[in-house]
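**Q** below is the sequence, then the predicted model.
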Amino acid sequence: MNHLLSIGDLDRAGIERIITQAARFAEVSDREIKKVPALRGRMVLNLFYEASTRTRSSFELAAKRLSADVVNFAASGSSVEKGESLKDTVLTLSAHKPDAIVLRTPWAGAAELVSRWCSAAIVNAGDGQHEHPTQALLDVYTLQQRLGGLDGASIWIVGDVTHSRVARSNIIAFQEMGAKVTVAGPPTLIPRRIEELGCEVRFTLDELDGADVVYALRMQRERMTETWVPSLREYASWYQINGRRLGPRQVLMHPGPVNRGVELSGDVVDSPQAVITAQVEAGVVVRMAVLYELLAGAKEPDPVARRQTAPQPA
Amino acid sequence: MNHLLSIGDLDRAGIERIITQAARFAEVSDREIKKVPALRGRMVLNLFYEASTRTRSSFELAAKRLSADVVNFAASGSSVEKGESLKDTVLTLSAHKPDAIVLRTPWAGAAELVSRWCSAAIVNAGDGQHEHPTQALLDVYTLQQRLGGLDGASIWIVGDVTHSRVARSNIIAFQEMGAKVTVAGPPTLIPRRIEELGCEVRFTLDELDGADVVYALRMQRERMTETWVPSLREYASWYQINGRRLGPRQVLMHPGPVNRGVELSGDVVDSPQAVITAQVEAGVVVRMAVLYELLAGAKEPDPVARRQTAPQPA
Amino acid sequence: MNHLLSIGDLDRAGIERIITQAARFAEVSDREIKKVPALRGRMVLNLFYEASTRTRSSFELAAKRLSADVVNFAASGSSVEKGESLKDTVLTLSAHKPDAIVLRTPWAGAAELVSRWCSAAIVNAGDGQHEHPTQALLDVYTLQQRLGGLDGASIWIVGDVTHSRVARSNIIAFQEMGAKVTVAGPPTLIPRRIEELGCEVRFTLDELDGADVVYALRMQRERMTETWVPSLREYASWYQINGRRLGPRQVLMHPGPVNRGVELSGDVVDSPQAVITAQVEAGVVVRMAVLYELLAGAKEPDPVARRQTAPQPA
């Protein structure tokens, strides 16, 4: 694996390899010293054209826990504001010889383009409404930890599927791991021909009690003009996951940040069924596993072995 | 000590312990290599909801000099702009398992709330007009270095006490260390019942020559509408500390950044009585001591011992 | 050398010493582990009053590759917005005892002023339209690598010379290294009496084929009101370097970021004659050499020797 551009780059064995490595890194996260020297001396460049507390910080921490150096580039406040093209920015930054570039952009397909322009390993951290593969991996990891496995599980993805890169990557990953996926939401927010990805479609939550896992998507307030839904209040009345709709044995997921009172009621966010915090924790270890696989691969035999203490002079 | 939320968390012995440790770290700051490995592998997260060159950089340097890793979060450009609540932001970030969170917010009491939501050590780096305990510690440290001790010293705090978290924390700390505190300023900028903290109140500087230490507060231009003072010029004519008012043996302090020509005249800022730069220097070593106390505590016997060189192969 | 404020601080021998050291660091950039421990424990402070992806990141990487710690200060979002003076900001930050301050400001002469106010080594990373000495050094390095040497080379600097700190520093450095410099552009964009620096002046590109090197300057769109040029289109028709004007053996340089279609046509940017990416690569190693010279100097005998592996217990 040279890049992680799309979740489709990984087959089931590839996903499982990363998940297994992530579980090993999770053990390190419970140590007092949470770092391993696996990527000492390597440079990871975070190139973010969109603000994202969660994703950027998660990659930054993942890299630092592997002892890599991190340089952050926010597109605002940079040459980008002077009108520099994505290509010229990438060529410039890749002249600095980073080992990996973690890229978040609003443009579908940008990660794939960038991977052709430079020799660094590219990790797609979200390209427009297209893909967000590390989110899919961390969601698979979280479910694996909670359910033991995804084979045969019924997963409902509820909400604004049309504008969601998370939905797209997760449908593919969940199915690859053996789950049965249903997407549900108002007809205006479900893309036509989404069934071609292999999932089922519902426009109501009437059959939601058949789900093992309910994955609520974020309603992006800025998009919720009346073009899409009459109002957030009306959306919530039909599609909000709340204590009335969520069964006691169903697992609740959300990619964050949550709009309390819109796609989720406050009580379910804080309920024991919600694994939302576990998803965030999974983010760091899964991204450690991705960076490790891309930059060290098979070379380093055991990244989490405790470092041997150097002999002290007597 | 699990957190540093309020200066009131520390009794005199606690303040002295931190001051003593800070003095040891100050020796390290004069070495060519200014780092000690005391917190290697630990993660300190700076979560700042308000811009602050001084405080943020001071904590960042403190953490780096202890060999900790630092991740900075500015609230702008993050999920916060998408309307995420403080609680959800903190839950997200604490899922990354930082060892400490340094928190600056405009909301009184926020640090205390956050300390209930996560297991990291919380350091209050300013919560609205409420408290700024590390500022109080660095001011005590600075005076200890300059005067040898605070017992019996007369300290005047001059200016906008109403809007100042520095004033509130410093009144408490200076008194705990044995000083006698007077606050002075226009009646509109002195909170009612401030005497209940144990200090005296004056509305003129007529008796300022009785002070050993004059601590001028910053006038926040953005607040200085006519609600509070008729004009900055009028404020300065009554309360500016300048060469005419400041006696040759008085020590001058200010939390920075200074408005030259408003609360201080330019000449006193640059005079030998001013310890403003010493306060900034103190900021790094005091914050090192706070982070060290919270994260390593009694475990590490001597954080500033020079690292032994590993034996070299013959 | 205590500071790098102006390219004029360096004579030919000084430039050559830095270029030679940079070439040694370039070897490190091709290793899997791109770091050397030369500046371990040192602090480099990036103080940027203007946005700059390239320069800031280049210095940050340079410092990190030397194992120094880096603290970044963007002037926006800091005390500067509260009206703090440059002097007070610098005094504050220098109380943190950085070993070096890398300074970018819009004010000519600021770096020189700052060097009087604090004991850190100051590196001028651009002060208004005045100087940008590390740009000149990396350009000399790039040409040295490409041509073997600058003695007798004819270098044309084309475009907006008036507003360009790059032009000013490069004219001096190229001539110091033995090249013959011609500046060319519309009369409104060539400063009067620029010949006093020793270069020739042309207002057309008619004789451009005599150049060994064509160095195109960036047209700053924000300045290109009709005061300076009638329109960018008209500028391009007269002064754009494109496939028609650039000869097959001429080397093409540009400080970036490029305005494709204005000062350069897209085809020449991507042509083999362009060394624009090599300039960016040179930026990191030249800045490593500058920081190393300022902070370690003659003390450290061989910064790029591979670190000896500590003996492992049997």
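**A** Structure's in. What do you need?
**Q** tell me which residues touch the nearest residue to A:G185 once chain neighbours are set aside, please.
**A** The shortest distance from A:G185 to any non-neighbouring residue, by C-beta to C-beta, 6 or more residues apart in numbering or on different chains, is to A:G159 (5.2 Å). Quick note: C-beta positions are derived from backbone N, CA and C, even for glycine. Taking C-beta atoms under 8 Å, 6 or more residues apart in numbering or on different chains, we find A:G159 in contact with A:185, A:189, A:216-219, A:239, A:263.
**Q** please flag which of those residues sit within helices.
**A** Of these, the ones assigned to helices by DSSP state H are A:Y239.
**Q** state the phi and psi torsions of A:V181.
**A** phi -110, psi 130 (degrees, to the nearest 10).
**Q** please apply the same query to the one 4 residues further on.
**A** The phi and psi torsions at A:G185 (degrees, to the nearest 10) take the values phi 170, psi -180.
**Q** re earlier: want to try a markdown table for the contacts of A:G159, with pLDDT as columns?
**A** Compiled in a markdown table, the contacts of A:G159 are given as follows (pLDDT from 0 to 100):
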| residue | pLDDT |
| --- | --- |
| A:G185 | 96 |
| A:L189 | 92 |
| A:A216 | 98 |
| A:L217 | 97 |
| A:R218 | 92 |
| A:M219 | 89 |
| A:Y239 | 96 |
| A:E263 | 94 |
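**Q** any idea how far A:A120 lies from A:Q279?
**A** Per C-beta to C-beta, to the nearest Å, A:A120 is found 27 Å from A:Q279.
**Q** hang on, I meant A:L232
**A** Distance from A:L232 to A:Q279, counting by C-beta to C-beta: 23 Å.
**Q** those two: which has the busier surroundings?
**A** Remark: of A:L232 and A:Q279, A:Q279 carries more neighbours, 24 against 16, as counted by other C-beta atoms under 10 Å in any protein chain shown.
**Q** the residue nearest to the more buried one when sequence neighbours are not counted and B:R218: what is the separation?
**A** Spatially, and ignoring its direct neighbours in sequence, A:Q279 is nearest to A:T142 (5.0 Å; C-beta to C-beta, 6+ apart). Distance of A:T142 to B:R218, computed by C-beta to C-beta: 47 Å.
**Q** compare these two (neighbour count), which wins?
**A** A:T142 (24 against 20).
**Q** what residues are up against that one?
**A** A:253, A:275, A:278-279, A:282.
**Q** of those residues - the most surrounded one?
**A** When neighbours are counted by other C-beta under 10 Å, A:A282 leads the contacts of A:T142 with 28 neighbours.
**Q** got the confidence number for the residue nearest to that one when sequence neighbours are not counted?
**A** Closest residue in space to A:A282, ignoring its immediate chain neighbours: A:L138 at 4.1 Å, by C-beta to C-beta, 6+ apart. Per-residue pLDDT puts A:L138 at 98.
**Q** and A:L138, how many residues sit next to it?
**A** Neighbours of A:L138 using other C-beta under 10 Å come to 29.
**Q** got the residues of the stretch 51-200 of chain A near chain B?
**A** Residues of the stretch 51-200 of chain A lying close to chain B by C-beta under 8 Å from any C-beta of the partner chain are A:51-54, A:57-58, A:60-61, A:64, A:74, A:76.
**Q** buried subset of those residues?
**A** By neighbour count, with 16 or more other C-beta atoms under 10 Å in any protein chain shown, these hold A:51-54, A:57-58, A:60-61, A:64, A:74 as buried.
**Q** among those, show me the least confident.
**A** A:T53 (70).
**Q** right, and that one touches B:F73 too?
**A** Yes: with contact defined as C-beta atoms under 8 Å, A:T53 reaches B:F73; the gap is 6.4 Å.
**Q** could you name every residue contacting both of the two?
**A** With C-beta under 8 Å, 6+ apart as the test, A:T53 and B:F73 both reach B:L93.
**Q** what's the pLDDT at the residue sitting nearest the centre point of chain A?
**A** Ranked by distance to the mean C-alpha position of chain A (C-alpha atoms, centre = their mean), the top residue is A:Q135 at 1.3 Å. A:Q135 carries a pLDDT value of 97.
**Q** that one: what secondary structure?
**A** Three-state assignment for A:Q135 (DSSP: H, G, I helix; E, B strand; the rest coil): helix.
**Q** isn't A:V44 right next to A:L291, touching?
**A** Yes: between A:V44 and A:L291 a contact is recorded at 6.6 Å, counting by C-beta under 8 Å.
**Q** so what sits against both of those two?
**A** Shared contacts of A:V44 and A:L291, defined by C-beta under 8 Å, 6+ apart, are found at A:59, A:63, A:68, A:100.
**Q** so which of those is the closest to chain C?
**A** Comparing these against chain C with C-beta to the nearest C-beta places A:A68 closest, at 10.4 Å.
**Q** who's in contact with the closest one?
**A** A:39-44, A:99, A:291, A:295.
**Q** and what of A:A121?
**A** Contacts for A:A121 were tallied using C-beta under 8 Å, 6+ apart; they are A:2-4, A:99-101, A:294-295.
**Q** mind doing that once more with 10 Å?
**A** A:1-4, A:42, A:44, A:98-102, A:115, A:290-291, A:293-295 (C-beta atoms under 10 Å, 6 or more residues apart in numbering or on different chains).
**Q** restricted to buried residues, select these in ChimeraX.
**A** To isolate the buried subset of the contacts of A:A121 in ChimeraX, counting by 16+ other C-beta under 10 Å, use the following:
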select /A:3,4,42,44,98,99,100,101,102,115,290,291,293,294,295
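**Q** what's the neighbour count on A:N259?
**A** 22.
**Q** next, work out how far apart the residue in the stretch 51-200 of chain A that chain B sits nearest to and A:V181 are.
**A** Here the stretch 51-200 of chain A gets closest to chain B at one residue, A:T53, 3.7 Å apart by C-beta to the nearest C-beta. From A:T53 across to A:V181, the span is 28 Å (C-beta to C-beta).
**Q** what sits against the residue nearest to the centre of chain A?
**A** A:7, A:54-55, A:58, A:125-126, A:165-167, A:169-170, A:173, A:255-256, A:279, A:282-283, A:286 are the contacts of A:Q135 under C-beta under 10 Å, 6+ apart.
**Q** so where's the stretch 151-300 of chain A uncertain?
**A** Low-confidence segments of the stretch 151-300 of chain A, defined by pLDDT under 70, span residues A:222-228, A:298-300.
**Q** show me where it has helices.
**A** Secondary structure of the stretch 151-300 of chain A (DSSP state H, counting those that start in this stretch): helices located at A:165-176, A:232-239, A:266-269, A:276-295.
**Q** who touches the third one?
**A** What it means is helix A:266-269. Contacts for helix A:266-269 (C-beta under 10 Å, 6+ apart): A:214, A:216, A:240-246, A:250, A:252, A:254, A:258, A:260-261, A:274, A:276-277, B:85, B:87-88, B:91.
**Q** keeping just the C-alphas, turn that helix into PDB.
**A** Taking Å, rounded to 0.1, in the frame of the first residue of the first chain, the C-alpha atoms of helix A:266-269 are listed here in PDB:
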ATOM      1  CA  GLY A 266     -29.200  14.900  24.100                       C
ATOM      2  CA  ASP A 267     -30.200  11.800  26.100                       C
ATOM      3  CA  VAL A 268     -29.100   9.300  23.500                       C
ATOM      4  CA  VAL A 269     -25.700  11.000  23.100                       C
END
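**Q** may I see the buried residues of it?
**A** Neighbour-count burial for helix A:266-269 flags A:268-269 (criterion: 16+ other C-beta under 10 Å).
**Q** how far out from the middle of the chain is stretch A:262-273?
**A** In terms of C-alpha atoms, centre = their mean, to the nearest Å, the centre of stretch A:262-273 is found 20 Å from the chain centre.
**Q** what ranges do the strands span in the stretch 1-150 of chain A?
**A** A:43-48, A:69-74, A:100-105, A:121-127 (DSSP state E, counting those that start in this stretch).
**Q** what about the closest residue to A:D160 other than its chain neighbours, neighbour count?
**A** Leaving aside its sequence neighbours, A:D160 sits nearest to A:L189 (C-beta to C-beta, 6+ apart; 4.5 Å). A count of neighbours around A:L189, defined by other C-beta under 10 Å, yields 24.
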